[in-house]
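Trainee: Sharing a model prediction with you, sequence too.
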Amino acid sequence: MSHQKSPTSSHSEQPKSYGVVRELAVTCLSRVLNDRIALDVLLDQEMATRPLSQLERDWLREVTAGVLRWKGRLDLAIDSAVSRSRPSGRVRRFLLIGAYQLIAQDRVPAAWVVSETVDAIKAKEGESAAKFANAVLRRISETRDSWRSLEFPGESATATEQAAWASLPEWMWYRLRRQHGLEGARRFAELSFERPVFWLRERTSIEPKRWDSDVPLVGEATLASGGAIVQDVSSQTVIQEVWQELKGLGLDQALGVDLCAAPGGKAVGLAWNGAQLVASDGDADRLMKLRQNLVKLAPQVGVFSKESLPSELKDRGGAKWVWVDAPCTSSGIVRKHPDIKWVREETELQKLAGQQSSLLEEGLELISGDGVMIYSVCSIFQEEGPRRVADFLKKHPEVRLHREWVRLPGGDLAGDGFYAALMVRA
């Protein structure tokens with residue numbers, strides 16, 4: 001894939017206590033894949049309890065995210081290198097990390113990767129497993145370039161074969177192909193192999209600023225400095241355009257509600273534009289994080305639980321505009337959070353649909369008779385975006401669609417996938 005970027009020099013550096021961190025990476029991957037726990041949650045837990053250097057932390061985050069980003073392709077490479085039984089369990093996790101380094105980290109010496117991985121497996125699984133791993137990794141190292149630039153298996157290939165090439169679960173690949181066409185699904189898959197581009201929103205500027213430093217940034221509302229937040233360019237541009245729409249409707253001085261505000265990036269961006277709003281979230285842990293971020297970044301924004309919203313907002317007519325940023329599969333942000341591909345399940349779509357519909361009804365109750373509601377999701381699945389809004393509008397003929405935003409991953413600014421709709425009640 002010619003569009004893929006080579007790893008920066010920071011990605012080729014290795015911590016001195018390499019074996020310990022590699023074992024920790026195996027543990028984290030096992031918990032993501034077996035227990036479906038979000039990678040960021042696991043890494044935060046581990047880094048809070050272990051005396052890891054910054055280099056070790058960076059390597060751990062890079063290699064676990066990288067394996068999850070490339071997992072389907074890595075599985076193909078590993079299975080093609082064995083003649084009989086396929087490795088499983090911890091041995092396979094070790095091999096996934098080694099295969100990722102061989103295939104995607106092209107500045108890391110292949111012999112070093114093989115040696116370190118084999119030593120780690122020998123220490124934990126014994127001599128026989130180590131010899132097996134040595135043979136597998138040597139075969140992969142001989143064909144690493146072909147795996148990095150693996151050709152699409154073709155339109156006639158099965159969905160299973162296409163999904164493996166794309167490093168996506170089969171249900172996700174099938175849905176992408178059905179909703180966005182084969183070329184759209186292929187483009188999404190190719191972009192998902194890339195490391196994400198990070199963007200800053202600065203307090204003093206409305207122009208997105210690309211983060212070009214090798215220093216990694218994590219999270220959508222991480223405090224980068226006293227006057228900037230990390231916020232994807234797709235979110236930033238939609239926030240700015242929604243703000244212009246609110247101004248055009250004469251609502252730039254009207255009180256609004258950010259109903260699902262955590263971790264706070266959207267509320268901060270709106271407040272820095274001059275919006276008057278309060279922020280809320282239905283989850284207690286996320287609400288705490290929201291408070292912490294807004295105290296630092298936009299203390300003028302009041303933070304309330306849903307139960308403690310001021311009475312004037314709970315009564316119809318209290319808010320002139322409400323933004324509902326609903327929970328979703330997060331399919332649009334798999335470059336930043338590749339664990340989403342393996343943590344999410346297709347069965348969750350129905351449950352999320354119910355939550356999204358309930359939040360839309362909740363938002364409608366908060367706005368005045370001629371108020372505005374914005375609905376958004378970081379998803380590229382139609383049932384979470386356009387179809388969810390269409391169903392809502394069908395149920396509420398008094399509400400009309402004013403404008404929609406559809407952001408697919410990539411494009412000139414390399415942003416995430418995002419959907420938003422601005423609706424007006426007549």
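Mentor: Good, I have the coordinates.

Trainee: Check the spacing between A48 and C28 real quick.
Mentor: Counting by CB to CB, to the nearest Å, the gap from A48 to C28 is 13 Å. No exception for glycine: its C-beta is placed from N, CA and C like everyone else's.

Trainee: Those two: who's more crowded?
Mentor: Higher neighbour count among A48 and C28: C28, with 25 against 7, using other CB atoms under 10 Å.

Trainee: ok so that one is a helix residue?
Mentor: Yes. Assigned with DSSP: H, G, I helix; E, B strand; the rest coil, C28 falls within a helix.

Trainee: Go ahead and confirm it touches D44.
Mentor: No. Under the criterion of CB atoms under 8 Å, C28 makes no contact with D44, lying 10.9 Å away.

Trainee: joint contacts of these two?
Mentor: Residues touching both C28 and D44 by CB atoms under 8 Å, 6 or more residues apart in numbering: none at all.

Trainee: per-residue confidence at V301?
Mentor: The model reports V301 with a pLDDT of 96.

Trainee: swap in E220?
Mentor: Listed pLDDT for E220 reads 43.

Trainee: Over to G226?
Mentor: pLDDT at G226 comes out at 61.

Trainee: longest strand of this structure?
Mentor: Across the chain, the longest stretch assigned as strand under DSSP state E is strand 367-377.

Trainee: so where do the helices sit in the stretch 201-350 of the chain?
Mentor: Secondary structure of the stretch 201-350 of the chain (DSSP state H, counting those that start in this stretch): helices at 233-248, 265-273, 284-297, 311-314, 340-343, 348-366.

Trainee: what is the orientation angle of the longest one with strand 367-377?
Mentor: On the basis of axes from the mean of the first three to the mean of the last three CA atoms, to 10 degrees, helix 348-366 is oriented at 160 degrees to strand 367-377.

Trainee: Report the residue spans of the stretch 301-426 of the chain with pLDDT below the cut-off.
Mentor: By pLDDT under 70, the weakly predicted segments of the stretch 301-426 of the chain are 314-317, 411-413.

Trainee: no no, the stretch 101-250 of the chain
Mentor: Residue ranges of the stretch 101-250 of the chain with pLDDT under 70: 213-226.

Trainee: From V91, how far off is R22?
Mentor: According to CB to CB, R22 and V91 sit 13 Å apart.

Trainee: When these two are compared, which one has more neighbours?
Mentor: Neighbour count, other CB under 10 Å: between R22 and V91, R22 has more, with 25 against 18.

Trainee: so what's that one up against?
Mentor: For R22, the contacting residues are 94, 97, 116-117, 120, by CB under 8 Å, 6+ apart.

Trainee: Can you pull the phi/psi pair for it?
Mentor: Reported as degrees, to the nearest 10, the phi and psi values for R22 are phi -60, psi -40.

Trainee: Tell me, what's the model's pLDDT at it?
Mentor: R22 is assigned 94 on the pLDDT scale.

Trainee: What of the one 4 residues further on?
Mentor: Per-residue confidence (pLDDT) for V26: 97.

Trainee: burial of it, as a residue count?
Mentor: Per other CB under 10 Å, the neighbour tally for V26 reads 24.

Trainee: With adjacent residues omitted, what lies nearest to it?
Mentor: R93 (4.3 Å; CB to CB, 6 or more residues apart in numbering).

Trainee: which residues touch the closest residue to D370 other than its chain neighbours?
Mentor: Closest residue to D370 apart from its sequence neighbours, by CB to CB, 6+ apart: R425 at 6.2 Å. Shown in contact with R425 (CB under 8 Å, 6+ apart): 364, 367-373, 396, 398-400.

Trainee: how about the helices of the stretch 201-350 of the chain, which one is nearest L76?
Mentor: helix 340-343 (15.3 Å; CB to CB).
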